[in-house]
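Engineer: need a structure here:
(3 chains)
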Amino acid sequence: MDMKTIYLLIPLAPLFGALVAGLFGWAIGRRAAHCVTIGGVAVSFALSAYVLNHMLSGGEAYNGTVYTWLSINGVDFNVGFLVDTLTAMMMCVVTFVSLMVHIYTIGYMHEDPGYQRFFSYISLFTFSMLMLVMANNFVQLFFGWEAVGLVSYLLIGFWFKRPTATFANLKAFLVNRVGDFGFLLGIGLVLAYFGSLDYAEVFAKAPELKDTTITLMTGHTWSLMAVTCILLFVGAMGKSAQFPLHVWLPDSMEGPTPISALIHAATMVTAGIFMVARMSPMFELSETALNFVLVIGAITALFMGFLGIIQNDIKRVVAYSTLSQLGYMTVALGASAYSVAVFHLMTHAFFKALLFLAAGSVIMGMHHDQDIRNMGGLRKYMKITWITSLIGSLALIGTPFLSGFYSKDSIILAVEASTLPGAGFAQFAVLAGVFVTAFYSFRMYFLVFHGKERWMEQGHHHAHDADAHDEDEHHHGLGPNDKPHESPWVVTLPLVLLAIPSLVIGYLAIGPMLAGDFFKNVIFVNHDLHPAMEAVIHHAHDAFHMGLHAFATLPFWLAAAGVAAAFVFYMVKPALPAAIDRVFSKIGVRKLLEQKYYMDHLYINGFAAAGRGLGTVLWKVGDAILIDGLLVNGSAKVVGFVASIVRRLQTGYIYHYAFAMIIGGLVFITVWLGVILGWFGPEAREWIGNLLYSRA
Amino acid sequence: MTWTSLNAGIALPEIFLLCATCALLLIDLFVSDARRGVTHALALVTLAITGVLLWCGYSPAPELAFSAMFVADPIATLAKGGMVLGVALVLIYGRSYAADRGIYKGELYSLTLFSLSGMMVMASAVNLLTLYVGLELLSLSLYALVALQRDSVNATESAMKYFVLGALASGMLLYGMSMIYGATGSLNVYEIGHRLLVGEGNRLLAVFGLVFIVTGIAFKLGAVPFHMWVPDVYHGAPTVITQLIGSAPKLAAFAFIIRLLAQALEGFAPDWRGMLIVLAVLSLAIGNLSAIAQSNIKRMFAYSTISHMGFLLLGILVANPVGYSASFFYAFTYVLTAAAGFGLVMLLARNGFEADQLDDYKGLARKHPWFGFMMLMVMFSMAGIPVFVGFFAKLAVLKAVVNLGMVWLAVFAVMMSLIGAFYYLRVVKLMYFDEPVNDITLSGGLGAKIVLSLNCLALLVMGLFPNYLLSMLNDAVVFSLPL
Amino acid sequence: MTEVLFYVFSAVLLFAGLMVITAKNPVHAALYLVLSFFTGAMLWMLMQAEFLAVSLVVVYVGAVMVLFLFVVMMLDINFEELRKGFWKFVPLATVVAAIMAVEMVLILTHPAAQLKGVTLMERAPEYNNVRDLGVQIYTTYFLPFQLAAFVLLVGMIAAIALTLRKRKNTKFQKPGEQVKVKRNDRLRIVKVDSEPKPTFEAPKPAAEGQGEGAKGE
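Structural biologist: So this is what the prediction gives:
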């Protein structure tokens, strides 16, 4: 099998599974549906692993067109693959996490009537994501980008009978639309100024256009590269949920937990990070764009972390943690440490998928109660979930030697070394973020797995009675005398398999990925202008010493302080949080956090309301009067008029028909021969000639 | 002159088909009505073998036979392949429909296969006489087939109209051909083309003949104002015959036009371009605007055919290989689209129920989501909505027209297809958003359903991968035209 | 001499053609058609195409038209009914036809049309154009000739398919079946109880008589 066939098979195997499960799921039943989709993803993963191995053992990167879909004025719309180390790594992460989630789903969606549909969707997602990361041109990138967005939309609204789910998926769709608008404009600029949509050609041409400026409004000129990169990054902000386009991600938790793990933590939301890393040859050329990226990332990293502290829904805690971690990755991108961002992307994919799946396991154990205030002491009942959650949390907060530590500390190092104007703020944000992360992570951990078994307390309230559950299918929450129980093996196996890379992948991969030349010729960094990577490489050479050294650095102690604070607040003195709460309520911070910085207010009552207002006006004037009145009714009248004439001619009498033919022939004779023989004078000849015989 | 100098081998598919049809005619005499399946199977086998023979006989360089009366070039071979496929689909989809209406007879098969022979001859003939005889073989079979349901008043009436008007058109065509012969002194397409290009022959008489030839062609295509027969015949004929008339002969007509206009009368391209512009503009306008007013789906398809033929003419009037191959692609994909459309109509029809009213499609998608979806694909493809093959067919034609510099014509065509999208989408709306008024049951065997589904899916697949077919047809045109 | 004859025959041909479509009596119309075929044959004769002229007379005048006349006379078709409205369209049709005729005259008499008389080829006395025709048909024009045969075949199939009807109630004998008949096919002996039963069922009649023409033969 040559490599091209393998590259083709990798995305097509999940597509096949998705089609079979989606179209014929009703016929083949549940078991066959999950077998075929898991089989497809497993094939895809095995081949991806083979490809990664091929790359690691010095295999050539592949860049080739598989099929030209269409070609317009010399611009080809191709389906093509660019497979290099970055792609190979992404492929492995995507297919591995996807495989885990597929297996997990067997247990999690066990009772759901939409079982086959769900498998079809997640396989379709895997296909779309693979097309996205394997693209060698902007069109296919955009296709994958939109396709993952579509599947995400479908999956957030998977339980489409719940109003909150449909609201959430609509919100995700609309917010992403804003991002995609920027993204599309960016691609448009690329096409307009680079004359190609192929990565290799665009990147090759980028240095030439470094100093090109464009005039968007008269009197203002902008650097082409800055505008293009920022527009592309706006797309990434939508997909990777960066401030201020982050609002959809917490709501997306309305979807089933497996997809929260797969799509809204491990893979799809990192598409933006991947895209910027892929476009590094362009971003490197614009200081402005990098600064923008850095500041947006820093804001997201810190402020979304704060929101995680006050959440009570177990999934939302993890969701805000995801937002914050995505902010970290973006900060790394802004600091020109693309490889660090991608490194964090990888480690985060493992431990965040783990945390989500563990949260799902807890939710199952709690009979679909998601409120952490009703949990507690679960470690006795759910041993595997408990241990793996602990590993995930420790990895997340950056415990030395665990995977999250290496990637997060590398980001902090990179930001320290960055010389961009926004670096000071970013450094503060990422350091403060460490404390916040540790605090909310262990707040959740202690509340869920330690302490009193609070579901026993009678009259516990269901925070999400109305919305969080399928009323008719799941009874939710444990009764006072119920005991949670460990989930089946299909659920715990993925937890264990994900816990292993969460522990060791950072230690193993940091050397080659950051210090080695794994990303040579894939990611471009201008080391003279952006020295951040130098600092990271310095440390990354020796993973063991980096781990030891950590105990003497600020981030470690910040994290430790966060854990300690959580321990005091939620284990030792549970009354303390309430007291602090009261203080914060007085100065309004509490309210600010509860309202998520009023972003939703702004969007729903500001932009959305304004949009609706504008829409109403346009509808009344444009639609009702102009289009309905003039165009639709007008054209209907034209149609009616023509039809009435045709109907009158279409009498059904043969001689009428024959007469029409003869008249037609007569007209042809008269006009053509008349013109040739000059019956209508010489001008007619010229006139007809101009009208009909255009230049050939 | 010896037998070998006839070079009959290259006409092997036609020879086989004619012989097999005669054999079928005889075999059918000994087949009882209850066992008509034998005839059906034999007819399909005949088509399959014909297809294989075509495949084996494919050669990129044109080869002449029968004293330069007959040519096997890539255009002819590919067009014939499309025709064989189109006719096979007619037989497959129409079987149970025909059985319900008392026309499941041996004549259905023999006449259908004879009409296919006529089409194949039309595609390969390079002599005015042979072209004409091929056309008559096709037409005569079709007239009889339309009337085959002889107890139906509609069918016999429309057969009568088709016959009389067809005879008139044939007369005009023949008159035009005689003028061309008079002007150039040759019946051979290549010879005529050559003589007219080098300035021999009488140009005035040739243009005079050209007018009549265009008239005859326009009738066969059903271009306005020679289209009046189309709605009546489409409506009146049994749907299986409507499918036959509406699909494969369009490819034959395309090849016929290529032989007459692009090869014989190449030198008069500026003249016939003007005529085709008139025909195309009228067809696009009248076809699309009238289709909206129809409540009968067969009549709607008839007007839609008229507008599609307008598009086909647009490609031809470009008068260069790019335009011809665009039209070829259009005709080829139209055959498949129309076959699928009529196949679906017949799938819904059953004994005593024609399923030809638009209202009969209300709620189809709810009762039968799969076939509702298939119909949706057919409608989308006909409307030219991207991803489906109809879009690429229209795009190819429009590109050719724009390259020629006739932007106004392209804009007009787009406007008209926009109007056309309305009635296609109306069918989709009826299927998906309206409550069913009739109980909808599907007729037809599993095999027919599978083939029909594949046919519809092919519209999507060819839309995803249009380039293979497009480049193949383009090569065919480039290889075939000069000789 | 031939020129005079040509114009005479042509005039008669045009007149006959006009009368075919205007004659009120269908028999007259058919007879005018015969006349037009005949004069057409004469024109061919002037062009030394004797074989074609003779076959036109033999085939069309002798066979086809006679058959047609029989049909017209035997079927009682009210042609007047069919031609209703004919005269209503005559003025319009005349105008269109006149325009067309005028245009054709203008075109064909235009100098660019270069129409001129030609003299016929001189042939040797032993020249036989039947032989020539035969050779051409079976060599150069082999393909159209064969295809024309198929056109005729299609016409025949069509005519049979469209007109042949088997009457459903026709009874005819099948001697083979009659000979093979056995006693038991005709007669069944039924035991009948001497006492009448409350519900009496008449024995089914014995095997149906021969006849019901088998379908499809």
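Engineer: give me the number of residues near residue A:264?
Structural biologist: Neighbour count for residue A:264, taken as other CB atoms under 10 Å in any protein chain shown: 29. Where you see a C-beta, it was placed from the backbone N, CA and C, and this is true even at glycine.
Engineer: tell me who's in contact with it.
Structural biologist: By CB atoms under 8 Å, 6 or more residues apart in numbering or on different chains, residue A:264 lies in contact with A:152, A:249, A:252-253, A:255, A:319, A:322.
Engineer: ranking the residues you listed by neighbours, who comes first?
Structural biologist: Counting neighbours by other CB under 10 Å, residue A:322 comes out on top of the contacts of residue A:264 with 30 neighbours.
Engineer: please enumerate the strands of the stretch 1-150 of chain A.
Structural biologist: Using DSSP state E, counting those that start in this stretch, the strands found in the stretch 1-150 of chain A span residues A:62-72, A:75-83.
Engineer: re earlier: between the contacts of residue A:264, which is closest to chain B?
Structural biologist: For these, the closest approach to chain B (CB to the nearest CB) belongs to residue A:152, at 21.4 Å.
Engineer: check the strands of the stretch 1-150 of chain A for me: which has the lowest mean pLDDT.
Structural biologist: Per-stretch mean pLDDT for the strands of the stretch 1-150 of chain A is lowest at strand A:62-72 (a mean of 79).
Engineer: partner strands of that one, parallel or antiparallel?
Structural biologist: Strand pairing for strand A:62-72, using DSSP bridges, gives strand A:75-83 (antiparallel).
Engineer: for chain C, which element, helix or strand, carries the lowest mean pLDDT?
Structural biologist: helix C:79-82 (a mean of 68; mean pLDDT, DSSP states H and E).
Engineer: helix or strand right after that helix?
Structural biologist: As assigned by DSSP states H and E, the chain's next helix or strand after helix C:79-82 is helix C:86-109.
Engineer: are that following helix and chain A in contact anywhere?
Structural biologist: Yes. Helix C:86-109 lies within reach of chain A by CB under 8 Å from any CB of the partner chain, at C:89, C:93, C:96, C:99-100, C:103, C:106-107.
Engineer: min pLDDT across these, which one?
Structural biologist: Among the residues of helix C:86-109 next to chain A, residue C:89 has the weakest pLDDT, 77.
Engineer: tell me which element the closest residue to it other than its chain neighbours falls in.
Structural biologist: Spatial nearest neighbour of residue C:89, excluding adjacent residues (CB to CB, 6 or more residues apart in numbering or on different chains): residue A:655 at 6.9 Å. Here residue A:655 sits within helix A:654-668, counting by DSSP H and E.
Engineer: ok so, going back, now render the contacts of residue A:264 as CSV, adding secondary structure, distance to residue A:125 and pLDDT.
Structural biologist: Listed next are those as CSV, based on DSSP: H, G, I helix; E, B strand; the rest coil; distance: CB to CB, whole Å; pLDDT from 0 to 100:
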residue, secondary structure, distance to residue A:125, pLDDT
A:152, helix, 7, 87
A:249, helix, 16, 83
A:252, helix, 13, 82
A:253, helix, 17, 83
A:255, coil, 11, 81
A:319, helix, 18, 87
A:322, helix, 17, 88
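Engineer: a markdown table please, covering these and showing distance to chain B.
Structural biologist: Shown next, in a markdown table, are those (distance: CB to the nearest CB, whole Å):
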| residue | distance to chain B |
| --- | --- |
| A:152 | 21 |
| A:249 | 31 |
| A:252 | 28 |
| A:253 | 32 |
| A:255 | 25 |
| A:319 | 35 |
| A:322 | 34 |
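Engineer: list just the nearest of these to chain C.
Structural biologist: Comparing those against chain C with CB to the nearest CB places residue A:152 closest, at 61.6 Å.
Engineer: coming back round to it: so of the strands of the stretch 1-150 of chain A, which one's packed in deepest?
Structural biologist: Most buried of these, by mean neighbour count (mean count of other CB atoms under 10 Å in any protein chain shown): strand A:75-83, with a mean of 21.
Engineer: got the confidence number for residue 132?
Structural biologist: You didn't pick a chain, so chain A it is. On pLDDT, residue A:132 comes in at 90.
Engineer: sorry, I should have been clearer: chain C.
Structural biologist: In this model, residue C:132 is scored at 88, pLDDT.
Engineer: what about it, how many residues nearby?
Structural biologist: Neighbour count for residue C:132, taken as other CB under 10 Å: 12.
Engineer: what of residue A:127?
Structural biologist: 28.
Engineer: tell me who's in contact with the closest residue in space to residue A:143 that isn't next to it in sequence.
Structural biologist: In space, and not counting its chain neighbours, residue A:143 is closest to residue A:131: 6.4 Å by CB to CB, 6+ apart. Going by CB under 8 Å, 6+ apart, residue A:131 touches A:11, A:140, A:143-144, A:147.
Engineer: nearest to chain B, of those?
Structural biologist: Closest to chain B out of the contacts of residue A:131 is residue A:143 (11.7 Å), distances taken as CB to the nearest CB.
Engineer: how close does the closest one sit to residue A:76?
Structural biologist: Distance, residue A:143 to residue A:76, by CB to CB, to the nearest Å: 14 Å.
Engineer: next one: residue B:104
Structural biologist: For residue B:104, the distance to residue A:76 - CB to CB - is 50 Å.
Engineer: do the same with residue A:614
Structural biologist: According to CB to CB, residue A:614 and residue A:76 sit 38 Å apart.
Engineer: over to residue B:157?
Structural biologist: Residue B:157 is 53 Å from residue A:76, by CB to CB.
Engineer: which parts of chain C sit against chain A?
Structural biologist: Residues of chain C lying near chain A (CB under 8 Å from any CB): C:89, C:93, C:96, C:99-100, C:103, C:106-107, C:110, C:112.
Engineer: ok, and the most crowded of those residues?
Structural biologist: Tallying neighbours with other CB under 10 Å puts residue C:107 at the head of the residues of chain C next to chain A, with 20 neighbours.
Engineer: that residue: what's it in contact with?
Structural biologist: A:669, A:673, A:677, B:204, B:208, C:113.
Engineer: look at the residue sitting nearest the centre point of chain C and report its pLDDT.
Structural biologist: Centroid-nearest residue in chain C, with CA atoms, centre = their mean: residue C:64, separated by 6.6 Å. Per-residue confidence (pLDDT) for residue C:64: 86.
Engineer: with residue A:475 instead?
Structural biologist: Reading off the model, residue A:475 has pLDDT 47.
Engineer: now swap in the one 4 residues further on and tell me
Structural biologist: In the prediction, the pLDDT value recorded for residue A:479 is 64.
Engineer: I'd like the residues of helix C:86-109 next to chain A written out as TSV, with distance to residue B:385 added.
Structural biologist: Listed next are the residues of helix C:86-109 next to chain A as TSV, based on distance: CB to CB, whole Å:
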residue	distance to residue B:385
C:89	45
C:93	46
C:96	43
C:99	46
C:100	45
C:103	46
C:106	50
C:107	47
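Engineer: returning to what we had before: same question for the helix holding residue A:655, mean pLDDT?
Structural biologist: 88.
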